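**Q** Fold the following.
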Amino acid sequence: MQLRLSLRPRLLSLALLLFGAGAHQIRAAELPDAPIPQPPAVAPPATAVLTGIVTDKDGAAIPNARVTFNQNPLPPTTVPTANDGVFYLPNLPPGQFQLSISAAGFGSQQVSGVLQPGEQLQLPTFALAAASTTNIEVTATPTDIAEAQVKLAEKQRVLGAIPNFYVVYDSNPLPLNPRQKSDLALRSLIDPVNLILNGVVAGVQQATDTYAWQQGADGYAKRYAAAFGTFLTSTLLSNAVLPILFHQDPRYYYKGTGSIRSRAGYAMANAVICKGDNGHWQPNYSGILGGLAASGISNAYYPAANRTGVGLTFEGAAIGTGLSAVANLFEEFLIRKLTPRIPPIIPPNP
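**A** Predicted coordinates for the structure are as follows:
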């Protein structure tokens, strides 16, 4: 953040400088070895971070690969990859850079790019070929970087099991294109843990005799189909179809900094606002309309005795928005602590 000095401090500083210069001349005449005042130091620009993953061509992680960061005229910086193939280069100066990746028994790769002050850049996966293969030079595109961010998000699981795909811990992520939004929604729908959780919901409904279906296997199958149908329509509409139509990001942007009050207000507000693909905050049409549509569509497959009218449909959608605010509070204050495989978080510059 650039500091702006008012006119009065500037005049005061100039007067002090002139007074100091005159005093220095007098002292210099009397004391030839008097020290010369030095100008104030200029604050260095905010540093950046590079992260990425190194694997072989079959996708297996390569530990202890050498990742070398080069930026003239500075000396190179080399770090090894961890057991899961991940490397992390913090405190990097902004500007043009070259990155070299090599490992014993594999060919090397190079990538070049430009780091912005304070940026955390997640590079695409480096798949090293056998040593006999010709070296390959690649350049990361915005689509490649966004794809790498999605792949990283798909590894986020609460307690190592429950999917936590729709939370962004990067302070400056790239927007998702339509294909990436669709792929992330599909990945959530077919995740085995989500299928099991829908089965648990159907089992609870069976035990409490929810909805006017009989007991037994047939009743459980209908309850499971209804639970999964609601999950299906809500996920597709709120996280894929409408975000593509309205050019909005369906993910929750983790804040992680500031007072408890500011973070709580931010989390609850994200139930009704979201980031657009243009990077600006806007009303969350996708989440609100998606929840309303899913609530209305559910009437088509629930028993006639349990179908709600228009008023109850809107009421259900409002309750869903409130539950989304509660879920965001858990995401902001609790879930990150229970979710492994999250890269280091670099807070945005003030």
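
**Q** only C-alpha atoms for contact and neighbour calcs from this point on.
**A** Will do.

**Q** Run the chain-centre distance for the strand or helix carrying Pro90.
**A** Per DSSP states H and E, Pro90 falls inside strand 86-92. Taking CA atoms, centre = their mean, to the nearest Å, one finds the center of strand 86-92 at 17 Å from the center of the full chain.

**Q** mean confidence score for that strand?
**A** Averaged across strand 86-92, the pLDDT comes to 93.

**Q** partner strands of that strand, parallel or antiparallel?
**A** In the sheet, strand 86-92 lines up against strand 48-56 (antiparallel) (DSSP bridges).

**Q** buried ones in the partner strand?
**A** If you call a residue buried by 16 or more other CA atoms under 10 Å, then strand 48-56 has these buried ones: Ala48, Val49, Leu50, Thr51, Gly52, Ile53, Val54, Thr55, Asp56.

**Q** which residues are contacting it?
**A** Contacting residues not belonging to strand 48-56 are listed as 61-63, 65, 81, 84-94, 115-129 [CA atoms under 8 Å, 6 or more residues apart in numbering].

**Q** Among those residues, which are located in strands?
**A** 86-92, 115, 120-122, 126-128 (DSSP state E).

**Q** and those as TSV, adding distance to Thr257?
**A** Output for the ones in strands among the contacts of strand 48-56, formatted as TSV (distance: CA to CA, whole Å):
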residue	distance to Thr257
Val86	25
Phe87	25
Tyr88	22
Leu89	22
Pro90	19
Asn91	20
Leu92	22
Leu115	23
Gln120	16
Leu121	20
Gln122	21
Phe126	32
Ala127	35
Leu128	37
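
**Q** Just the buried residues of those residues.
**A** Val86, Phe87, Tyr88, Leu89, Leu92, Leu115, Gln120, Leu121, Gln122, Phe126, Ala127, Leu128.

**Q** Now the terminal residues of stretch 81-94, how far apart.
**A** One end of stretch 81-94 to the other measures 22 Å (CA to CA, to the nearest Å).

**Q** no wait, stretch 90-103
**A** Where stretch 90-103 begins and where it ends lie 21 Å apart, using CA to CA.

**Q** any idea how far the residue lying closest to Phe314 once chain neighbours are set aside lies from Pro173?
**A** Residue nearest to Phe314 in three dimensions, not counting chain neighbours: Leu292, with 6.5 Å by CA to CA, 6 or more residues apart in numbering. Separation of Leu292 from Pro173 (CA to CA) stands at 28 Å.

**Q** same question, Leu189
**A** In this view, Leu189 and Pro173 are 23 Å apart by CA to CA.

**Q** okay, the buried residues of strand 48-56 in a markdown table with distance to Tyr211 next?
**A** Rendered in a markdown table, the data for the buried residues of strand 48-56 read as follows (distance: CA to CA, whole Å):
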| residue | distance to Tyr211 |
| --- | --- |
| Ala48 | 55 |
| Val49 | 53 |
| Leu50 | 52 |
| Thr51 | 50 |
| Gly52 | 49 |
| Ile53 | 48 |
| Val54 | 51 |
| Thr55 | 50 |
| Asp56 | 52 |
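
**Q** now, which of those sits nearest Gln205?
**A** Ile53 (43.2 Å; CA to CA).

**Q** Distance check, the residue lying closest to that closest one once chain neighbours are set aside against Ala61.
**A** Closest residue in space to Ile53, ignoring its immediate chain neighbours: Val86 at 4.3 Å, by CA to CA, 6+ apart. Relative to Ala61, Val86 is positioned 8 Å away (CA to CA).

**Q** likewise Gln156?
**A** Using CA to CA, which is the criterion applied here, Gln156 is 17 Å from Ala61.

**Q** okay, the two: which has more neighbours?
**A** Applying other CA atoms under 10 Å to Gln156 and Ala61 shows that Gln156 carries more neighbours, namely 23 against 20.

**Q** The more buried one and Arg336 touch, don't they?
**A** No: the pair Gln156 / Arg336 is not scored as a contact, 9.4 Å apart, by CA atoms under 8 Å.

**Q** any idea where the helices of this structure begin and end?
**A** Here the chain has its helices, by DSSP state H, at 7-30, 142-153, 178-189, 192-207, 216-236, 242-246, 260-269, 285-297, 310-333.

**Q** which of those helices is buried the deepest?
**A** Stretch with highest mean neighbour count among the helices of the chain: helix 285-297 (a mean of 21; mean count of other CA atoms under 10 Å).
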